[in-house]
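Novice: Sequence first, then the predicted structure, then my questions.
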Amino acid sequence: MEVQSKRIRARIQRSDEIDVVVLVEKIKEITGYEFRNPNLLRQAFTAHSYLEDDKNETDSYERLEYLGDSVIGYFVAFHHYSTYPDLSVGKLTKLRSANVDGEKLARAALKHGLHRFLNHNKPMLEAQIKQFEEAIVQYPIHSFGLVDTPKALADIVESLVGAVHLDSNSVDRTFQVIDKLLEPMVTPSTLSSNPVSMLFELCQKHKLSIEVLSRSWPKTGVFEYVVGGDVIGRAEYRSKRLVAKSRAAADAYDKLVAKLEAQNRQEQTNIDKTHSEAAQSGDEEQNGEEPTCASKEITSGEPNREEQIENDKDDNIKSEVQSGDVQTNNSSYYSVHSSAPRTKKVADVVNRIWTWLVS
């Protein structure tokens, strides 16, 4: 009775199944390829959950998915090898991974609406697809592990490619379909690393210890990263362990980068302050030196060197005149005293006065 009810439910589900002729036309519009064997195409869009209990997995898309996975991997590897001749093996590997992983293929399925043709019996799948569609808006090219991807979306891209390869029996024709489905592909300029890899590389560069706290994830859904003894990254996501791990790593990476940048700014501030203090100290030492003649004249009002010499001459003459050695006369500049013993001395004084007057 129970088996019969399942078969009835299966027949009811199949009543909504898209007609295979319509399916051929729709896939032709999307890929440019027209299937010669419609049943092969229908198999490519039939999930195992959709089959009755007396059916085996050979009637689902699982074997086509297996084949398509290998064909896509080969195409992407060959395409990158030919397009980027100077790219190292390590970067080629990362680039290939970004273009064949579950998220990239799921994006292709969503972009071309392939999920509309999927026959399945997964009540939660529609909600998961909707959540995925909303999440990738934040990441136009790839989230690199931060978004939970419905596996069924990636599966039908691989199974479709596998079906095209079998039906066409042509590598070139299959490659054309893959190229159209995966456009736009992740390129070296848009390639980014997984947050986990980025975090570990950053810690290694700055010689920081790192520890992953994940034992509580099965119960709490929490992932944490401890860097340099401090919990710096945390994320909670119960549905998928890898997503929780990637989100915690992204959180830790962003916070660590901000912390290191703040440290660098503080160090630069200290350096600038030291330089400023040294320059200020040098200016003060320079200001403490003997001022120039011009500054003496302007700032202190004191006579300059030439004026000081002239003043000294005036003082000497004034002293000598006051002592009686020299006296003034209206008929001449100076009149020598009549005392004979002092004649030579007076003559010397007169000569000095004359020299001063004419100078």
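Specialist: Sure thing, it's come through.

Novice: any low-confidence regions in this protein?
Specialist: Applying pLDDT under 70 to the chain flags residues 1-17, 52-58, 282-347, 349-350, 353-359.

Novice: ok, now with 50
Specialist: Counting by pLDDT under 50, the chain contains low-confidence ranges at 1-15, 54, 291-301, 306-307, 309, 313, 317-318, 320-341.

Novice: what are the ranges of the strands in it?
Specialist: Applying DSSP state E to the chain gives strands spanning 210-213, 222-227, 230-236, 327-328, 334-335.

Novice: So which elements touch the third one?
Specialist: I take that to be strand 230-236. Strand 230-236 is packed against strand 222-227, helix 241-287, with contacts defined by 3 or more CB pairs under 8 Å, 6 or more residues apart in numbering; DSSP states H and E. Using the backbone N, CA and C atoms, a C-beta is placed for each residue, glycine as well.

Novice: Among these, which comes closest to E134?
Specialist: Closest to E134 of the helices and strands packed on strand 230-236, according to CB to CB: helix 241-287, at 14.8 Å.

Novice: Grab the nearest non-local neighbour of P150.
Specialist: Distances taken as CB to CB, 6 or more residues apart in numbering put Q128 closest to P150, at 4.4 Å, once the chain neighbours are dropped.

Novice: actually S216, not the one I typed
Specialist: The shortest distance from S216 to any non-neighbouring residue, by CB to CB, 6+ apart, is to V222 (5.6 Å).

Novice: Does that neighbour touch R234 like I think?
Specialist: Yes: judged on CB atoms under 8 Å, V222 makes contact with R234 at a distance of 6.8 Å.

Novice: Pick the most buried one from the helices and strands packed on strand 230-236.
Specialist: strand 222-227 (a mean of 21; mean count of other CB atoms under 10 Å).

Novice: now the angle between strand 230-236 and that one, please.
Specialist: With axes from the mean of the first three to the mean of the last three CA atoms, to 10 degrees as the basis, strand 222-227 and strand 230-236 are set at 160 degrees to each other.

Novice: Off-centre distance for stretch 19-36?
Specialist: Taking CA atoms, centre = their mean, to the nearest Å, one finds the center of stretch 19-36 at 43 Å from the center of the full chain.

Novice: for stretch 77-95, same thing?
Specialist: 23 Å.

Novice: Go through that stretch and flag the buried ones.
Specialist: By 16 or more other CB atoms under 10 Å, the buried positions in stretch 77-95 come out as 77, 79-80, 92, 94-95.

Novice: contacts for stretch 232-248?
Specialist: 144-148, 194-196, 199, 212, 214, 217, 220-227, 249-253, 255-256, 259 (CB atoms under 8 Å, 6 or more residues apart in numbering).

Novice: measure that stretch end to end?
Specialist: 9 Å (CA to CA, to the nearest Å).

Novice: Distance from the chain centre to it, please.
Specialist: In terms of CA atoms, centre = their mean, the centre of stretch 232-248 is found 21 Å from the chain centre.
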